[in-house]
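got a predicted model here, sequence first, then my questions.
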Amino acid sequence: MLHSLRARLALWLLLPLAVLVGLCGWFAHEHAEDAADYVQDHDLLSSAKILADRLIWEDGDVRASVPPSALSLFMSPARDHVYLSVMDAQGQLLAGQQNFPQPPQLELSGSDNAQWYDALWQGQPIRAVITRRAMYDVAGAREITILVGKTTHSRDNMVQTLWWPTMEYLLWALAVAVLVSATALTLELRPLLRMARQLAGRPARDVDFHLDSRQLHQELRPLADTVNQFARTIRAQVARQRQFISDAAHQLRTPLAIQAHTLEQALGQTPAELAALSVAQRLAVLQRLQRSNQQLLNVANQLLTLAQAEAGSAAHTAQTPQWVDLRALCLQCLEALAPAADLKQIDLGWEESEAPVAAADAAQPLPDAHMFALYTSSRLLPELIANLVDNAIRYTPPQGQVTLGLEASADSLLLWVQDNGPGIPAQSRDRVLERFYRLANDTPGTGLGLAIVQEVARATGANLQLADAQQRYTPPFGPGLRISVRFVRVAGPS
């Protein structure tokens, strides 16, 4: 029950209301008791005064009589018993009951010179009043004590009569509040239940939906917006997954077909034909298989890297940021790709520069160890650098130049790669960032390198720019290409 929103809301609403009703009932009962006590105490004092007025001197002694008017005040349907006692200062009983209970501590007060108290008489609770009156005569003065008591049946009936109607009104109000609250909760929770049914009624794999938050209460709109955002994220992930499967099927089909065809040709020959093949012919078959296998590995690796980069937004927030030394990554990349550059006799170079940083340019000057470091949660920066350099080596003619550079400033790090290859026309620079798009079909490659660079740059919040090389080259070299990635520095622990 405590897991029910309706029950919890009703509990928070009705529990304080029930407590308030209880407090109001208690105060009403207290006020009813005060009113009944006031009426009863007034009647007791009136009877005591009537008895006091009937005190007379007779033969040098005080006599007391009990007139009917002194008892008529207590007539009620509850048939209360009335007790009285009139005594002189020596305790001699002048009228009424002997040994009538007196208050534990006598404290007469007020203009009436009276004191009210509760006592027990003949096994019944009573309410009593005590008052004193001085009687004067030529023989002297005598102090007379008058006590009048009465059982509390009529007083209790009066309390019940005064209190219960108020309590009935409160209980009816509580019942109406319960009914109204239950109805209101049912009506107001309908949009939430309708949204739940809308979600529950969809197939498990169907995430193509949008909850209309305009019809919801203001408090429920953030929930609907969050669900919509979550659905958009899932749709994007599903779309990336489908795109990955489609790309993998498309790109892996060719090398797999080459391998299958080569194996079928080899297995389709007779033993005599196989034995007649020269070493060069056998080596050619193996080389064809090796090239196809290498292409298969390259495509698989780059597809996986692209999938990781496209999911970089989720990974960027899920992983803990840390300092990444871009200079060290660049040098490791150059060392790894130096053999590929040597095969084409390409001059693979490295440049680094550090702009002077004044104290006024940075709120917290960077330590020397972090001058070429980036505080980021991305783990794909090595792939970004490797794809930039590999792309430049791949499309630069033999004996060309490829330079990797890194420039540090107070607020950013600029990573750039420049070559003297054929370059990319300005009208095609947006398209080369698309997956599998290639300008030249005679150069081996997958068409995924720059797409990976763009996705990694997007995940890290970097700015990617393609432009002509900053120096002119003479034929047979082309205008060249310069690709720049600018990373904005984010404050991190020193």
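It's in.

rest of the way, CA atoms for contacts and neighbours
Fine.

report the contact partners of residue 391.
449, 450 (C-alpha atoms under 8 Å, 6 or more residues apart in numbering).

just the mean pLDDT for the host helix or strand of it, thanks.
In this structure, residue 391 sits in helix 381-395 according to DSSP states H and E. Averaged across helix 381-395, the pLDDT comes to 89.

what angle do the next helix or strand after it and helix 381-395 make?
Downstream of helix 381-395, the next assigned helix or strand under DSSP H and E is strand 401-408. Interaxial angle, strand 401-408 versus helix 381-395 (axes from the mean of the first three to the mean of the last three C-alpha atoms, to 10 degrees): 150 degrees.

quick one on the thing from earlier: hey, C-alpha coordinates of the helix holding residue 391 in PDB?
Extracted as PDB, the C-alpha positions of helix 381-395 are listed here (Å, rounded to 0.1, in the frame of the first residue of the first chain):
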ATOM      1  CA  LEU A 381      41.900  10.700 -28.900                       C
ATOM      2  CA  PRO A 382      44.600   8.200 -30.100                       C
ATOM      3  CA  GLU A 383      42.200   7.100 -32.800                       C
ATOM      4  CA  LEU A 384      41.600  10.700 -33.900                       C
ATOM      5  CA  ILE A 385      45.300  11.400 -34.200                       C
ATOM      6  CA  ALA A 386      46.000   8.100 -35.900                       C
ATOM      7  CA  ASN A 387      43.300   8.600 -38.500                       C
ATOM      8  CA  LEU A 388      44.400  12.100 -39.300                       C
ATOM      9  CA  VAL A 389      48.000  11.100 -39.900                       C
ATOM     10  CA  ASP A 390      47.100   7.800 -41.700                       C
ATOM     11  CA  ASN A 391      44.800   9.700 -44.000                       C
ATOM     12  CA  ALA A 392      47.500  12.200 -44.900                       C
ATOM     13  CA  ILE A 393      50.100   9.400 -45.600                       C
ATOM     14  CA  ARG A 394      47.600   7.400 -47.600                       C
ATOM     15  CA  TYR A 395      46.700  10.300 -50.000                       C
END
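
residue 373 is in contact with residue 409, correct?
No: using C-alpha atoms under 8 Å, residue 409 is not in contact with residue 373; the gap is 11.1 Å.

pull out the buried positions in stretch 284-298.
Buried residues in stretch 284-298, counted by 16 or more other C-alpha atoms under 10 Å: 285, 289, 292, 293, 295, 296.

the last one is in what secondary structure piece?
The secondary structure element spanning residue 296 is helix 279-310 (assigned by DSSP H and E).

all strands of the stretch 351-494 of the chain, in order?
Ranges of strands in the stretch 351-494 of the chain, per DSSP state E, counting those that start in this stretch, are 373-376, 401-408, 412-419, 463-467, 481-488.

what's the lowest-pLDDT member of the buried residues of stretch 284-298?
Pick the lowest pLDDT in these and you get residue 295, at 64.

how is the protein divided into domains?
5-161, 206-310, 321-488 (automatic domain parsing).

nearest to residue 28 among the buried residues of stretch 284-298?
residue 296 (88.9 Å; C-alpha to C-alpha).

thought the closest one was touching residue 253?
No: counting by C-alpha under 8 Å, residue 296 stays clear of residue 253, with 9.1 Å between them.

what's across from the residue nearest to residue 392 when sequence neighbours are not counted in the sheet?
Spatial nearest neighbour of residue 392, chain neighbours left out: residue 419 (6.1 Å); criterion: C-alpha to C-alpha, 6 or more residues apart in numbering. For residue 419, the beta-bridge partners are residue 402, residue 481 (DSSP bridges).

next, count neighbours for residue 419.
33 (other C-alpha atoms under 10 Å).

in contact with it, which residues?
Counted by C-alpha under 8 Å, 6+ apart, residue 419 has contacts 392, 396, 400, 401, 402, 403, 469, 480, 481, 482.

for the residue nearest to the third one when sequence neighbours are not counted, give me its contacts.
Closest residue in space to residue 400, ignoring its immediate chain neighbours: residue 346 at 4.9 Å, by C-alpha to C-alpha, 6+ apart. Neighbour list for residue 346: 393, 397, 398, 399, 400, 401, 402 [criterion: C-alpha under 8 Å, 6+ apart].

correct me, but the fifth one touches residue 345?
The one in question is residue 400. Yes: Residue 400 is in contact with residue 345 according to C-alpha under 8 Å; the separation is 7.3 Å.

so for those two, which sits in the more crowded spot?
A direct count of neighbours by other C-alpha under 10 Å for residue 400 and residue 345 places residue 400 higher, at 21 against 15.

what score does the more buried one have for pLDDT?
91.

residues in contact with residue 6?
Residues near residue 6 by C-alpha under 8 Å, 6+ apart: 185, 186, 189.

do that again at 10 Å, thanks
Shown in contact with residue 6 (C-alpha atoms under 10 Å, 6 or more residues apart in numbering): 12, 181, 182, 185, 186, 189.

what is the neighbour count of residue 113?
When neighbours are defined as other C-alpha under 10 Å, residue 113 has 12 of them.

what's the answer for the one 10 residues further on, then?
For residue 123, the neighbour count with other C-alpha under 10 Å is 7.

and it, backbone torsions?
phi 80, psi 10 (degrees, to the nearest 10).

again, but for residue 142
phi -130, psi 140.

so residue 143 sits in a helix?
No: applying DSSP: H, G, I helix; E, B strand; the rest coil, one finds residue 143 to be strand, outside a helix.

hmm, it is touching residue 134, no?
Yes: under the criterion of C-alpha atoms under 10 Å, residue 143 makes contact with residue 134 at 4.3 Å.

quick check: residue 289 touching residue 265?
No: counting by C-alpha under 10 Å, residue 289 does not reach residue 265; the two are 11.9 Å apart.

give me the common contacts of the two.
residue 259.

about what we covered before: overlap in contacts, residue 400 and residue 345.
Counting by C-alpha under 10 Å, 6+ apart, nothing touches both residue 400 and residue 345.

of the domains of the chain, which shows the lowest average pLDDT?
It's domain 206-310: among the domains of the chain, that one has the lowest mean pLDDT, namely a mean of 75.

from the chain's centre, how far out does that one sit?
38 Å (C-alpha atoms, centre = their mean, to the nearest Å).

kindly report the same for stretch 158-177.
Distance, centroid of stretch 158-177 to centroid of chain: 43 Å (C-alpha atoms, centre = their mean).

just the strands in the stretch 1-150 of the chain please.
Secondary structure of the stretch 1-150 of the chain (DSSP E, counting those that start in this stretch): strands located at 56-58, 61-63, 82-87, 93-96, 114-121, 124-137, 140-151.

tell me the angle the last one makes with strand 114-121.
Strand 140-151 and strand 114-121 are oriented at 50 degrees to each other (the same axes, to 10 degrees).
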